[in-house]
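Novice: could you work out the structure for the sequence below:
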Amino acid sequence: MELCRRSGVSGVLYSLSLLCVILDLQLDGVLGATRVEIEHHLEMGRKLLAAGQLAEALSHYHSAVEGDSKNYLTYYKRAAVFLAMGKSKSALPDLTKAIQLKPDFLAARLQRGNILLKQGNTQEAREDFESVVQRSSEHEEARDQLMRANELEELQEEAHAAYNQGDYGATISVLERVIEISPWDPESRELRAECYIRMGDPQKAIQDLTPTTRLRNDNRAAFLKLSLLHYSLGEHHESLNHIRECLKLDQDDKECFSHYKQVKKLSKQLDSAEELIQEERYQEAIDKYESVMKTEPSVSHYTNLAKERICFCLVKLKMAHEAIDVCSEAHQRDPRNTNVLRDRAEAYILNQEYEKAVEDYHEAKEFDSESNEIKEGLERAQKMLKLSRKRDYYKILGVGR
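Specialist: Numbering: from 1, shown residues only. Prediction:
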């Protein structure tokens, strides 16, 4: 019995030993294959990067990093691809990992410092540049960038001081240089946008805010502000697009959802009104534009637009007196609107007030001298005026033509 037990134990030990040998051999084979694959991925990444095939190169560097997470150069090379793709935020963690693996890797420190400087992070950028200079005192680029970091910090302080004093023009002037040094800094662009808003230039504010939606993660505040700015300018489709982007980030955002409901309702009314005009259902279009003015009574653009289009519809319905009244109100609200002048001229023609029609077409031509429609309308009004004067002349003389 004892002999059988010993024999069984020996058999088990032998089997385990054999299994370990087999696994060891298989593991060596896998590791060997992985090293070969890593070199292949690195070589393919290099070639594809040189050929400008960035997405494909990135895929190979991903595989190389997965295969060897201790190689500082692999992280550095992948960071280079991210930078070539314009994804600086993705490059930063790889550069940091490369530095952690090799603290004296100056190229990675310099590159990280450059990114941090462009992001406006002066303190962290300065630390990287100082670290490079400490290890290589004659490193010209690091010394230059260190000076730029110091300059940027001073300019940022100057810009905020000017803003707090209410000198928005000076703030904008300083921020031009700030943004030149740190184009990826959302805070500087947001501050300049606020200055433009306070100076009554929403278009320039929009230009500054738009890139911040990409520079800052989950920038719902920028999407909301962009939507409000477009809305105030009468650009309801753009406003709707931006507020939808806000809700994509957080569908429960109360401010964005509240504004979304308003923009959606107004935009739907405006689009519906224009569809009715295209279908020549002018009275229904008038009713719809009346609803527009009730939905948004505070933003003048929408009231101006509604008055302009109601003026147009009344002319189409040949309701001359009503058209003249509405068109005159629209003209008073927006004196340089050539559409209103054209439509009021047509209303005057319907009312046989040809001299006033000629005057409106003349005024419209001053604002838009290239419009064939206005030129043709003016010629027609002048002919009708001339003809009406001939009729009056014969009537005065009491003779037939």
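
Novice: C-alpha from now on. contacts and neighbour counts both.
Specialist: Fine.

Novice: report the mean confidence score over the helix or strand harbouring Glu157.
Specialist: Using DSSP states H and E, Glu157 maps to helix 140-164. In this model, helix 140-164 has a mean pLDDT of 97.

Novice: ok now do the nearest residue to Tyr289 once chain neighbours are set aside, which residues does it touch?
Specialist: Distance criterion Cα to Cα, 6 or more residues apart in numbering; nearest residue to Tyr289, sequence neighbours excluded, is Ala306 at 5.2 Å. By Cα atoms under 8 Å, 6 or more residues apart in numbering, the contact list for Ala306 reads Tyr289, Glu290, Val292, Met293.

Novice: closest one of these to Ile99?
Specialist: The shortest approach to Ile99 among these belongs to Val292, at 59.6 Å (Cα to Cα).

Novice: what's the first helix or strand after whichever helix or strand that closest one is part of?
Specialist: Val292 is part of helix 282-295 when elements are defined by DSSP H and E. Going down the chain from helix 282-295, the next helix or strand is helix 300-316, by DSSP H and E.

Novice: what's the angle between that next one and helix 282-295?
Specialist: 160 degrees (axes from the mean of the first three to the mean of the last three Cα atoms, to 10 degrees).

Novice: who touches the very next helix or strand once past helix 300-316?
Specialist: Per DSSP H and E, the first helix or strand lying C-terminal to helix 300-316 is helix 320-333. The contact list for helix 320-333 (Cα under 8 Å, 6+ apart) reads 304, 307-308, 310-312, 314-315, 337, 340-341, 343-344, 347-348, 350-351.

Novice: report all helices and strands that the helix or strand where Leu266 lies contacts.
Specialist: For Leu266, the host element (DSSP H and E) is helix 254-278. The contact analysis (3 or more Cα pairs under 8 Å, 6 or more residues apart in numbering; DSSP states H and E) places helix 254-278 against helix 220-232, helix 236-249, helix 282-295.

Novice: among those, which is nearest Ser188?
Specialist: helix 220-232 (13.1 Å).

Novice: elements contacting the closest one?
Specialist: Short answer (3+ Cα pairs under 8 Å, 6+ apart): helix 220-232 packs on helix 202-215, helix 236-249, helix 254-278.

Novice: now the first one: buried residues?
Specialist: The reference is to helix 202-215. For helix 202-215, the neighbour count (16 or more other Cα atoms under 10 Å) marks Pro202, Ala205, Ile206, Asp208, Leu209, Thr210, Pro211, Thr212, Thr213, Leu215 as buried.

Novice: okay if I get the residues you listed as JSON lines plus pLDDT and distance to Leu233?
Specialist: As requested, those are arranged in JSON lines below (pLDDT from 0 to 100; distance: Cα to Cα, whole Å):
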{"residue": "Pro202", "pLDDT": "97", "distance to Leu233": "8"}
{"residue": "Ala205", "pLDDT": "98", "distance to Leu233": "12"}
{"residue": "Ile206", "pLDDT": "98", "distance to Leu233": "11"}
{"residue": "Asp208", "pLDDT": "97", "distance to Leu233": "16"}
{"residue": "Leu209", "pLDDT": "97", "distance to Leu233": "15"}
{"residue": "Thr210", "pLDDT": "97", "distance to Leu233": "16"}
{"residue": "Pro211", "pLDDT": "96", "distance to Leu233": "19"}
{"residue": "Thr212", "pLDDT": "96", "distance to Leu233": "20"}
{"residue": "Thr213", "pLDDT": "96", "distance to Leu233": "20"}
{"residue": "Leu215", "pLDDT": "93", "distance to Leu233": "25"}
